[in-house]
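[1] Sequence below, structure please.
(2 chains)
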Number of protein chains: 2
Amino acid sequence: MEERTEISTLGEFGLIDHLTKNNETKNISTLLSVGDDAAVIDHFGRQTVITSDLLLEGIHFDLSYTPLKHLGYKAVIVNLSDIYAMNATPTQIVLNIAFSNRFSLEALDDFYKGVYAACDAYGVDLIGGDTSSSQRGFIISVTAIGEVAPEKYVKRSTAQVNDLICVSGELGGAFLGLTLLEREKKIFAETGAQPDLEGQAHIVGKLLKPEARKDIIEYFSEENIVPSSMIDISDGLSSDLLHICKQSNVGCVLYEDKLPFNDEAKEFAYKLQLDPTACALSGGEDYELLFTVPQSYFEQIKTNPSISIIGYITEAAEGKHIITRGGNKHELIAQGWNHLK
Amino acid sequence: MEERTEISTLGEFGLIDHLTKNNETKNISTLLSVGDDAAVIDHFGRQTVITSDLLLEGIHFDLSYTPLKHLGYKAVIVNLSDIYAMNATPTQIVLNIAFSNRFSLEALDDFYKGVYAACDAYGVDLIGGDTSSSQRGFIISVTAIGEVAPEKYVKRSTAQVNDLICVSGELGGAFLGLTLLEREKKIFAETGAQPDLEGQAHIVGKLLKPEARKDIIEYFSEENIVPSSMIDISDGLSSDLLHICKQSNVGCVLYEDKLPFNDEAKEFAYKLQLDPTACALSGGEDYELLFTVPQSYFEQIKTNPSISIIGYITEAAEGKHIITRGGNKHELIAQGWNHLK
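    Residues are numbered from 1 along each chain as shown, chains lettered A, B, ... in the order given. Prediction:
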């Protein structure tokens, strides 16, 4: 039988001690970590970048198919992705969690294993946070801090007309992974049949254990590339590109045949009679980087196999469009995941 | 009839635009604020201090007697208090909120009025955050960032034997305010009688609209005082002093007759047959500063009417005690509010 230790046996401070006892800091900028009223960071000569996200059970994740270790990993990754989207390097996180008495100490340990695994993989220190009970469900709030050389951060609002629109990796995978897991959950509820995830490691992985594109930021740094604008894809390519267009006051043209897909993901989409392009445009949570660069970078960028050039920036008056494989021009509409609707 | 606008009519991005449309930044260190993947801060030559707290409906607050504007104010204050407890100056906050469809746009506007009022009163910028729906209840996560001159931050772990133990303001008020409001809520539920808060403005205010002790940090700076250790009182004097003792590896002696009380609070305690000393030791949420200073500061400190000298630090082997008015010596025990039990 699995062990189950009630968290109430430790109390709040005992729990914090337990969860952070092996926590070692890796960044010299981390001056003071867990265990005081606040943590202290020294980013002398660098600018500090900060972002924060909520993840709520029943809204952002479903524990019936999300292992807690993966959830801990992902909670960190989605915030690191925002730091990379500023062309910055994440250095620290602060983690707040709340949980009902349904969760045992062993469950929290699993969650923290994922948190620490992400911290190790990305060289980030966990430096503080808050733990609380909740009346219902698991509540996570992660704040990530990063650093960037002065004035090297990249905003959403500075794309220029004629810039190339580029994206890292492959699109639509996380949405297809979610579709698959929701389908298998439904089948299990109706028939008791065990999930069939055969051959779907890519899309399930994209949803449950996403990675942040540290490699792309490192590539920019090595190649002296500074994008003119950048955002990470959390709501879907359409919605996130429209953010860049709105904030930069520009238009855009995308080419359907340039959108990058994973073969396995594409096959699964066809199996479900879904259009892979629609999955890429409207499916969220890919955590790829969407950015623009001046055309002068074309030769450099096109040699990187992790980056696809998918369109270009136009004057605002020209609107926002996608050119289909058949040569038709459609207006680009945000149909990203809107959890307030 | 009060207006009620459904938040779904705005969508997530419309809501963020609405809530932040009058948001002006006040600190030159705020380089990039709301509206990108992350915010950017420039603390060149200063060290960055960071803290984060969750506030959950049903756990940390009860909306049946907490006006949303006050809640917004308090959510900011409790985090600023942690920054001051490091001897640092808060400069920015990041605010994450989630809410069910029970909340209208007007309700969120009230909450944000309180948030902005606290930001204005303390010279702090709101620079980002996340909004989400929740399945149930109102969820708040605030992260506060501050700055401090290099190596001037004050930890919990550096109290020295023979140091004076000092506290700002008056103690136990927030706990008594909570006791009063819980009592009136119960009476209202049972009899329908309107709450009787006559003459209780102090304790109700301490609970619903606490302030952070910016003035004490400014006093330290003007007088060139650097405490040897400091913490803010969120769990109760006992629990928080025991944190200092544990982390500094020291003992302490408190004097009951030196503990500062508000007259109104004391009177209300007696009316309920509560011991004011017990309220001070175990009642949380006073957000006063508890700190230690070397004895050489005695003459300076004792002239400040906002600070009480309540005891001194001893060797760890001497234990942690309080001397009662009657001259008896009792062991100090943490009976602070433990929301995990």
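[2] what's around A:Ile231, how many residues?
    Taking other Cβ atoms under 10 Å in any protein chain shown as the neighbour definition, A:Ile231 ends up with a count of 25. Where you see a C-beta, it was placed from the backbone N, CA and C, and this is true even at glycine.
[3] Check the secondary structure at it for me.
    Here A:Ile231 is strand, with the state taken from DSSP: H, G, I helix; E, B strand; the rest coil.
[4] Return the residues in contact with it.
    Each residue near A:Ile231 by Cβ atoms under 8 Å, 6 or more residues apart in numbering or on different chains is listed here: A:Ala85, A:Arg156, A:Asp240, A:Leu241, A:His243, A:Ile244, A:Leu289, A:Leu290, A:Phe291, B:Asp37.
[5] Neighbours of the fourth one, how many?
    The number of residues packed around A:Leu241, counting by other Cβ under 10 Å, is 27.
[6] Next, the contact list for A:Asp37, please.
    Neighbour list for A:Asp37: B:Thr51, B:Asp82, B:Ile83, B:Ala85, B:Met86, B:Arg156, B:Met230, B:Ile231, B:Asp232 [criterion: Cβ under 8 Å, 6+ apart].
[7] Regarding the first one, what is its secondary structure?
    Assigned by three-state DSSP, the conformation of B:Thr51 is strand.
[8] Hmm, it is touching B:Leu80, no?
    No. The criterion here is Cβ atoms under 8 Å, and B:Thr51 misses it with B:Leu80 at 9.0 Å.
[9] so what sits against both of those two?
    B:Ala144.
[10] ranges for the strands of the stretch 101-250 of chain A?
    Ranges of strands in the stretch 101-250 of chain A, per DSSP state E, counting those that start in this stretch, are A:125-128, A:131-133, A:139-148, A:164-168, A:229-232, A:250-255.
[11] Dump stretch A:298-309 to CSV, keeping only the CA atoms.
    Written as CSV, here are the backbone C-alpha positions of stretch A:298-309 (Å, rounded to 0.1, in the frame of the first residue of the first chain):
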residue,chain,number,x,y,z
PHE,A,298,17.0,35.8,-43.2
GLU,A,299,20.2,33.8,-44.2
GLN,A,300,21.1,33.3,-40.5
ILE,A,301,17.7,32.2,-39.3
LYS,A,302,16.9,29.8,-42.1
THR,A,303,19.8,27.6,-41.2
ASN,A,304,18.4,26.9,-37.8
PRO,A,305,16.3,23.7,-38.0
SER,A,306,14.4,24.6,-34.8
ILE,A,307,13.0,27.8,-36.3
SER,A,308,10.4,28.2,-39.1
ILE,A,309,9.8,31.5,-41.0
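[12] Just the buried positions in stretch A:223-233, please.
    By neighbour count on 16 or more other Cβ atoms under 10 Å in any protein chain shown, the buried set for stretch A:223-233 is A:Ile225, A:Val226, A:Pro227, A:Ser228, A:Ser229, A:Met230, A:Ile231, A:Asp232, A:Ile233.
[13] Max pairwise distance over those residues: which two?
    A:Val226 and A:Ile233 (19.8 Å; Cβ to Cβ).
[14] would JSON lines of the contacts of A:Ile231 with distance to A:Gly205 and pLDDT be doable?
    As requested, the contacts of A:Ile231 are exported to JSON lines (distance: Cβ to Cβ, whole Å; pLDDT from 0 to 100):
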{"residue": "A:Ala85", "distance to A:Gly205": "21", "pLDDT": "97"}
{"residue": "A:Arg156", "distance to A:Gly205": "28", "pLDDT": "95"}
{"residue": "A:Asp240", "distance to A:Gly205": "21", "pLDDT": "95"}
{"residue": "A:Leu241", "distance to A:Gly205": "24", "pLDDT": "97"}
{"residue": "A:His243", "distance to A:Gly205": "26", "pLDDT": "94"}
{"residue": "A:Ile244", "distance to A:Gly205": "27", "pLDDT": "96"}
{"residue": "A:Leu289", "distance to A:Gly205": "18", "pLDDT": "98"}
{"residue": "A:Leu290", "distance to A:Gly205": "21", "pLDDT": "98"}
{"residue": "A:Phe291", "distance to A:Gly205": "23", "pLDDT": "98"}
{"residue": "B:Asp37", "distance to A:Gly205": "23", "pLDDT": "87"}
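[15] Much appreciated, bye for now.
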